[in-house]
Each structure stands twice: as C-alpha cells, then as structure tokens.
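Trainee: with the input below, show me the fold.
(one chain, ligands or ions: 1)
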Amino acid sequence: MFKNFIRRWDGRLRKYADRYLNRSDLEKDKEFQNLYSKVGTRKSKYTLTSMERCYSLYKAIQYITKGDILGDIVECGVWRGGSAMLAALTLIKSQQTHRKIYLYDTYEGMPEPTDKDIDIHGVPYRLLWKKEKEFLSVSLDEVKKNIFSTGYPKENIIFVKGMVQDTIPNTVPKKIALLRLDTDLYESTYHELFHLYPKTTSQGVIIIDDYGHFQGSQEATEKYLSQNPQKVLLHRIDYSCRVWIKPSPTLK
Ligand SMILES: C[S@@+](CC[C@H](N)C(=O)[O-])C[C@H]1O[C@@H](n2cnc3c(N)ncnc32)[C@H](O)[C@@H]1O
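Mentor: Got it, this is the predicted structure:
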C-alpha cells in the first residue's frame, strides 16, 4: 500500500515538474501551443511523439522558412499524421505552402523487425511487434482525412504507400529541406538515410525520432554517418530524438 502511495505521488510530482519546470518555456509559447493543441494533446492524439519533439519540429520548420532553405518536407513513418500535420500548420502560418510534403508509410503498420531492433529496455522488438502492429496500423484514407483537415493545399501533399525499401528511391523529391525519419527500425532507417540524405540541401534539417529508443535506429544512423566524411553534431531533443543540420559541402 505504501509503495502504491509513493508511486502515485511520484507520478503526480513528475507530471507537475514537467509542466511547470521542465516545459515552462514551451507552455509559454502561445503560437506553438495553439498549433500543438491540434495534434498532440490527449483530445487530439495524432502523434506519438513528445511535446519536446513537436517543438523542435515546429522550430525546424520556422528555421527553413525564415532561412529560405531550399527543398521539400519529408516524413518516413507517419502513423496518424500528427507530425506532418504540425509541419503543415507551421508552413501555413509561415505562408510557405508551395513546399511539397512527402509522406512515406506502409499505411498498414510496422513490418516484421530484425534481430537488430531492440528497444531501450533491451526488449527485442519482435516480442512487442504483434501487439503494436494493430495499434500502429492506420489506413491511408484516415491519414489523408487528418492531414487535409489542416487546410494545406492537397496537391502539395504526396502520399507514398508501401515499404520504404520498395518506394524509395522511385518516388523522391529533387531537394529536401527537412527530413524526418520515424520508421523506428534498422533496415528502413539505413535505407532512408542512404537515399534521402544526399538529397537534403546543405543547411537542411535531419530528425531521427527513434535514435535513443531503438538500438536499430541508432546503429543505422551511426553506420551511415561513419561512412560520410562530414562530421555532424547530433543534438539531443529528448531521451530518443536527435536533430542535426547538414553542413555545407566545403566542411570536411
Ligand atoms: C512510430 S510510427 C510513426 C509516428 C509518427 N511519425 C508520429 O508523429 O506519431 C511508425 C510508422 O512507420 C511505419 N513504418 C515502419 N516501417 C516502415 C517501412 N519499412 N516502410 C514504410 N513505413 C514503415 C509504420 O507503418 C508506422 O506508421
């Protein structure tokens, strides 16, 4: 009983600490909160990511619009479309709806993981996969409905259905300003970086959502970066998400 009491209070205190201390700056940003309320709260649960990750995506979109960084927006691993919705809403606010938004997903849930796919607690993803498969399976029609609700021009949203290993590089933008990778697993993450990083404009933004949560995502990112002569700083957004800006080609 005493243990339950401590656990309950520990949970409550952490929640308040998050709201009033750790996130007080994000809570005060009214424009962000207004957009976030449409995608990330309990009532509007269109994304699986944290408020910190949403804020960093929001800031990344503002950075590419203010800096006129050339290229389109790409997300691999879309689920219900919440991150893409936030990107679209931020682009609308910034009056930059000419950019195309490419959204890659099976729209049928997660494919079978490999042995490299282990979560932060050491649990092989294979064990979680069967349970999560259904939860993570969102149809193309549902995602379209969610994303179109933002009011972003429909003709500038490109839904690419299928395994990224099959659809990329067949359907890809010429230039990418923001590359957001969220398919969780080793094989897809490496494949996405291999084909899409070279298309990312220098000064463009790369976001790896699962770097800290899944060993496979981290291994794929580290392997790809170790083969690239340019060194980058992987900036920590929260325990899982990492972000960097692609350096200009003159930097070695
Ligand atoms: C964690 S969810 C994405 C979360 C989403 N970005 C958000 O903001 O909430 C992972 C998504 O990746 C997709 N996915 C995983 N592996 C894939 C692959 N190899 N090809 C295409 N889609 C894949 C799944 O269908 C699922 O929708």
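
Trainee: burial count for residue 33?
Mentor: Residue 33 has 15 neighbours, counted by other Cβ atoms under 10 Å. Bear in mind the C-beta positions are built from the backbone N, C-alpha and C, glycine included.

Trainee: that one: what's it in contact with?
Mentor: For residue 33, the contact set (Cβ atoms under 8 Å, 6 or more residues apart in numbering) comprises 26, 27.

Trainee: any idea how far it lies from residue 55?
Mentor: 10 Å (Cβ to Cβ, to the nearest Å).

Trainee: any residues in contact with both of these two?
Mentor: Shared contacts of residue 33 and residue 55, defined by Cβ under 8 Å, 6+ apart, are found at residue 26.

Trainee: residue 28: how many residues sit nearby?
Mentor: Residue 28: 9 neighbours (other Cβ under 10 Å).

Trainee: also residue 249?
Mentor: Counted with other Cβ under 10 Å, residues neighbouring residue 249 total 8.

Trainee: might one say that it is in contact with residue 202?
Mentor: Yes. Between residue 249 and residue 202 there is a contact under Cβ atoms under 8 Å: 6.0 Å.

Trainee: show me which residues of the chain sit near the ligand.
Mentor: Residues of the chain lying near the ligand by Cβ under 6 Å from any ligand atom: 47-49, 77-79, 82-83, 104-106, 109-111, 136, 163-165, 182-185, 188.

Trainee: and with 8 Å instead?
Mentor: Within reach of the ligand by Cβ under 8 Å from any ligand atom, the chain has these residues: 46-49, 75-84, 104-111, 136-138, 162-165, 167, 180, 182-185, 187-188, 191, 209-210.

Trainee: could you flag which of the residues you listed are buried?
Mentor: Neighbour counting over these (16 or more other Cβ atoms under 10 Å) leaves 46-49, 75-84, 104-107, 109-111, 136, 138, 163-164, 167, 180, 182-185, 187-188, 191, 209-210 as the buried ones.

Trainee: okay, and the beta partners of residue 208?
Mentor: Beta bridges link residue 208 to residue 181, residue 242 when assigned by DSSP bridges.

Trainee: show me where the stretch 151-252 of the chain has helices.
Mentor: Remark: helices assigned in the stretch 151-252 of the chain by DSSP state H, counting those that start in this stretch are 164-167, 186-196, 215-226.

Trainee: re earlier: restricted to strands, list the buried ones among the residues of the chain next to the ligand.
Mentor: 75, 76, 104, 105, 180 (DSSP state E).

Trainee: quickly note the distance from the third one to residue 75.
Mentor: Distance, residue 104 to residue 75, using Cβ to Cβ: 7 Å.

Trainee: cool, residue 5 as well?
Mentor: Distance of residue 5 to residue 75, computed by Cβ to Cβ: 43 Å.

Trainee: same thing with residue 198?
Mentor: Distance, residue 198 to residue 75, using Cβ to Cβ: 18 Å.

Trainee: just name the most buried of the helices of the stretch 151-252 of the chain.
Mentor: Among those, helix 186-196 has the highest mean neighbour count (mean count of other Cβ atoms under 10 Å), at a mean of 22.

Trainee: pLDDT score for the closest residue to residue 67 other than its chain neighbours?
Mentor: Spatial nearest neighbour of residue 67, excluding adjacent residues (Cβ to Cβ, 6 or more residues apart in numbering): residue 203 at 6.7 Å. pLDDT, residue 203: 97.

Trainee: report the contact partners of residue 203.
Mentor: Contacts of residue 203 (Cβ under 8 Å, 6+ apart): 67, 69, 245, 246, 248.
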